[in-house]
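>>> here is the input, now give the coordinates:
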Amino acid sequence: MWKRRKEETATERPREAAARPGGMFEPPQPAPAPATPAPRVTRTEATIGKSVRIKGNLYAEEDLYLDGQIEGTLDLPKNRLTIGKSGKVQATIKAREVDVHGTVNGDIEASAKITIRSAANLVGNLKSATISIEDGAYFKGSIDIVRAAPAKPAPTKPATRPPAETTPSAKAAGGPPAARATGKS
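This is a model prediction of the structure:
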């Protein structure tokens, strides 16, 4: 009901400490720190803008968003390539995943997935495990669906025979086959 002044609350703390067994003062415990969330792995993405033109080979070890123009080859073996609406590519493309919104003249090989969006124009051959072509997209070329190779069964060892001396037929013939062939016993 009544508000205490700051001075009064500061003087009461030593009295509370004296009232505790042993007269020890315990400092207030800090609130436990909130659990920090696990760090999220964020994939970096390089961007090639509308005004950039590249002639040659491009290799990247990160995701790439391409809105400019490129002629040559694009190699992103473990990453995603996104070709924006303004992107114009005249190249052979190899990537883990390819998402086409713009124009591509060339072959595309993706280890995971190729997606051709409704505004895309693509002339070339596609090779991937999964291919998606939206309504309205222009595509001219061939499609090759690649399945993951089935796991090969472990090679089995052929049944082994015991040595020739221990077989009953070898004993009946008078010893090992090598001894019979030479005439020696």
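
>>> neighbouring strands - and their directions - for the longest strand anywhere in the chain?
Selection of the longest strand in the chain by residue count, based on DSSP state E, yields strand 69-83. With DSSP bridges as the test, strand 69-83 is paired with strand 53-59 (parallel), strand 63-66 (parallel), strand 88-100 (parallel).

>>> in JSON lines, list the ones you listed along with mean pLDDT.
What follows is the strands paired with strand 69-83, written out as JSON lines (pLDDT from 0 to 100):
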{"stretch": "strand 53-59", "mean pLDDT": "95"}
{"stretch": "strand 63-66", "mean pLDDT": "95"}
{"stretch": "strand 88-100", "mean pLDDT": "96"}
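
>>> let me have the ones you listed in CSV, extended by mean neighbour count and distance to residue 82.
Every C-beta, even on glycine, is put in place using the N, C-alpha and C of the backbone. Listed next are the strands paired with strand 69-83 as CSV, based on neighbours: other CB atoms under 10 Å; distance: least, CB to CB, whole Å:
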stretch, mean neighbour count, distance to residue 82
strand 53-59, 12, 14
strand 63-66, 21, 5
strand 88-100, 21, 5
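
>>> what sits against residue 142?
When contacts are counted by CB atoms under 8 Å, 6 or more residues apart in numbering, residue 142 touches 125-126.

>>> who does the host helix or strand of residue 113 pair with, and is each partner parallel or antiparallel?
According to DSSP states H and E, residue 113 maps onto strand 108-116. Next to strand 108-116 in the sheet, as set by DSSP bridges, lie strand 88-100 (parallel), strand 126-128 (parallel), strand 130-133 (parallel).

>>> skip ahead from the last one and say which helix or strand is next.
If I follow you right, that is strand 130-133. With DSSP H and E, the next secondary element past strand 130-133 is strand 138-140.

>>> any low-confidence regions in this structure?
1-43, 148-185 (pLDDT under 70).

>>> mind running it again at 90?
Scanning the chain with the threshold set as pLDDT under 90 gives 1-45, 147-185.

>>> wait, residue 139 sits on residue 116?
Yes - using CB atoms under 8 Å, residue 139 is in contact with residue 116, at 6.0 Å.

>>> name the residues of stretch 60-80 that come out as buried.
60, 63-70, 74-76, 79-80 (16 or more other CB atoms under 10 Å).

>>> returning to that earlier point: using CSV, lay out the strands paired with strand 69-83 together with distance to residue 46.
Formatted as CSV, the strands paired with strand 69-83 follow (distance: least, CB to CB, whole Å):
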stretch, distance to residue 46
strand 53-59, 10
strand 63-66, 5
strand 88-100, 13
